[in-house]
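Novice: next comes the sequence, and after it the predicted model I'd like to discuss.
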Amino acid sequence: MSSTEGRLAAYPFVLLSELRDAANEHGYRIGPEEAGGWIFFRSASAPGEIGLAAISGSGPFFLSLSLPGVARALDAQPAAPWAKGHAAAFMFATRDELHAGVQAVYRLSVSLPNFPLEKYERAVAGIGETESERAQKFRIGQSIFRDALMEYWNEACPLSGISNPALLRASHMIPWSDCTTDAQRLDVHNGLLLSALWDAAFDAGLITFDPHGTPLPSPHLEPAARIDLRVDNVRRLNLRTEHLPYLYHHRNTIWKR
């Protein structure tokens with residue numbers, strides 16, 4: 001654990017500008033407000049608050065987070081203490097690493113399970129339950145779900161590395177029609193952002209994943225498709241605990257054994 005106790009209490013203009021740039025360039029443009037050695041920012045398009053701090057212009061830099069879910073998901077070096085009322089803090093050795101950290105926080109914040117659901121509920125408020133209106137709700141929900149997965153998986157298929165949006169699909173582990181609540185339908189942990197061929201195989205039950213993210217091809221997956229998918233050479237999915245119940249359903253209900 002690294003300590004933030006050596007932070008400057010008052011920031012020179014150049015250093016304050018650097019911290020402001022790190023926030024503003026990645027979606028956090030409300031602020032700054034300073035308290036306890038932290039410079040705080042918020043976003044008009046993402047929940048939560050971040051705090052930034054630094055020892056000097058050459059680092060190290062510190063990032064404090066108010067959202068526990070984002071703090072659990074962020075892959076960075078923990079630091080202590082964090083800002084009052086926040087959930088965790090992290091240390092970054094360089095300015096570039098800080099920028100990448102703030103960008104990751106924004107991406108995770110807008111894809112947290114509750115945020116897409118809240119966005120969906122606002123979007124469908126006032127829409128009725130006729131057949132055409134339910135179809136409209138479905139389209140809205142699918143669009144919000146895809147946007148959330150694009151953010152969560154950093155706009156690329158984690159297996160193939162493909163990042164062309166036209167070739168990416170929002171794949172549900174528990175299909176939309178089988179979900180019992182809108183919260184399940186809009187939960188990013190119920191989805192994968194896959195390239196078109198991986199999505200087709202996953203949706204058809206010809207591929208699934210074990211709890212460690214390793215692909216499990218179905219015996220029904222033909223050799224040519226296995227070669228095209230490069231099943232034996234792709235890296236494992238970076239899964240979280242929240243993914244596992246959804247993936248268990250896919251593996252035990254949809255996957256063709």
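Specialist: Alright, I've got the coordinates.

Novice: in stretch 40-53, what's buried?
Specialist: Across stretch 40-53, burial judged by 16 or more other CB atoms under 10 Å covers F40, F41, R42, S43, A46, P47, G48, E49, I50, G51, L52, A53. To be clear about C-beta, it is placed using only N, CA and C from the backbone, and glycine gets the same treatment.

Novice: tell me which of those fall in strands.
Specialist: F40, F41, R42, E49, I50, G51, L52, A53 (DSSP state E).

Novice: name all residues that make contact with the most centrally placed residue in the chain.
Specialist: Central residue of the chain (CA atoms, centre = their mean): Y152, 2.5 Å from the mean position. Neighbour list for Y152: R107, L108, S111, V188, L193 [criterion: CB atoms under 8 Å, 6 or more residues apart in numbering].

Novice: for the residues you listed, could you give me CSV that also reports distance to A201, neighbour count and secondary structure?
Specialist: Below are the contacts of Y152 laid out as CSV (distance: CB to CB, whole Å; neighbours: other CB atoms under 10 Å; DSSP: H, G, I helix; E, B strand; the rest coil):
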residue, distance to A201, neighbour count, secondary structure
R107, 26, 21, helix
L108, 27, 24, helix
S111, 24, 25, coil
V188, 21, 25, helix
L193, 15, 26, strand
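
Novice: ok, which pair from the residues you listed is furthest apart?
Specialist: Across those, no pair lies farther apart than L108 and L193, at 13.9 Å, counting by CB to CB.

Novice: need the longest helix for the protein.
Specialist: helix 131-152 (DSSP state H).

Novice: from the contacts of Y152, which is closest to L216?
Specialist: L193 (18.9 Å).

Novice: now do the nearest residue to the closest one once chain neighbours are set aside against R169, distance only.
Specialist: Distance criterion CB to CB, 6 or more residues apart in numbering; nearest residue to L193, sequence neighbours excluded, is W153 at 3.9 Å. Distance, W153 to R169, using CB to CB, to the nearest Å: 11 Å.

Novice: so which bits of the longest helix of the chain are buried?
Specialist: K137, G141, I144, F145, R146, A148, L149, M150, E151, Y152.

Novice: off-centre distance for it?
Specialist: On the basis of CA atoms, centre = their mean, to the nearest Å, helix 131-152 sits 17 Å off its chain's mean C-alpha point.

Novice: could you identify the helix or strand that succeeds it?
Specialist: strand 168-172 (DSSP states H and E).

Novice: helices or strands up against the next helix or strand after that following strand?
Specialist: Following strand 168-172 in sequence order, the next helix or strand is helix 182-186 (DSSP H and E). Identification of packing neighbours for helix 182-186 by 3 or more CB pairs under 8 Å, 6 or more residues apart in numbering; DSSP states H and E yields helix 114-124, helix 131-152.
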